[in-house]
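>>> Mind looking at a prediction? Sequence and model below.
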Amino acid sequence: MAKPAPEAKIIMMRAVGGEVASAATLAPKVGPLGMSPKKIGEDIAKATADWKGLKVTVKLTVINRQATVEMVPASSSLVMKALDEPVRNRKEEKNVVHDGNITLDQVIEIARTMRERSLARELSGTVREILGTCFSIGCTVNGEHPRELSLKIKNGEVPIPAE
């Protein structure tokens, strides 16, 4: 009798880029699937090495006890990466103010990356979503407050490409 096709289990979780997640947090998620939390933690650290120090969402796809790690970009992580801030020690530096400045072109690129996960009908709506993220992080866009720029986009004063 033939074995049934293996089904894929998908696990979504937040992890700090470039760091090995503690086995205690991974064990309840991957333990029941018969996998080593330590090995999965190392795989996540390897896959998120270029996002060092930033919180990122990771998608684990498990087939036949083999896990593949995939990065799922979040708008806050993409904006933080665009700010190009130095890597901080999370245990010692708390409540960091992100008062950098990014360009509107960078915001549009981030919006294009996030387009398929956005609920907006047009790219300009997605750009405004990213501007809201910039506002919550505390950075400026083109030296302007993100809320002012969002209003200008809504009123049609600042043109945004169609796609």
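In hand now; what should we look at? Numbering: from 1, shown residues only.

>>> from here on, contacts and neighbour counts on C-alpha atoms
Fine.

>>> How about T113, nearest residue that isn't a chain neighbour?
Nearest residue to T113 in three dimensions, chain neighbours excluded: P73, at 7.9 Å (Cα to Cα, 6 or more residues apart in numbering).

>>> I11: what secondary structure?
Under the three-state scheme (DSSP: H, G, I helix; E, B strand; the rest coil), I11 adopts strand.

>>> ok so, going back, ok, the residue nearest to T113 - how many residues close by?
When neighbours are counted by other Cα atoms under 10 Å, P73 registers 15.

>>> who touches it in this structure?
Taking Cα atoms under 8 Å, 6 or more residues apart in numbering as the criterion, P73 is in contact with 56-57, 113-114.

>>> in the chain, what spans have low per-residue confidence?
For the chain, the stretches flagged by pLDDT under 70 are 1-6, 85-98, 119, 158-159, 161-163.

>>> so A23 touches K38, yeah?
Yes: assessed by Cα atoms under 8 Å, A23 is found in contact with K38 at 5.5 Å.

>>> Return the distance of N142 relative to L123.
Separation of N142 from L123 (Cα to Cα, to the nearest Å): 19 Å.

>>> what about the two, which has more around it?
L123 (19 against 15).

>>> Is that one in contact with R115, as I believe?
Yes: counting by Cα under 8 Å, R115 is a contact partner of L123 at 7.2 Å.

>>> Show me the contacts of P73 that map onto helices.
Those of those mapping onto helices are 113-114, per DSSP state H.

>>> So which of the contacts of P73 wins on neighbours?
Counting neighbours by other Cα under 10 Å, V56 comes out on top of these with 23 neighbours.

>>> L151 sits in which helix or strand?
helix 146-155 (DSSP states H and E).
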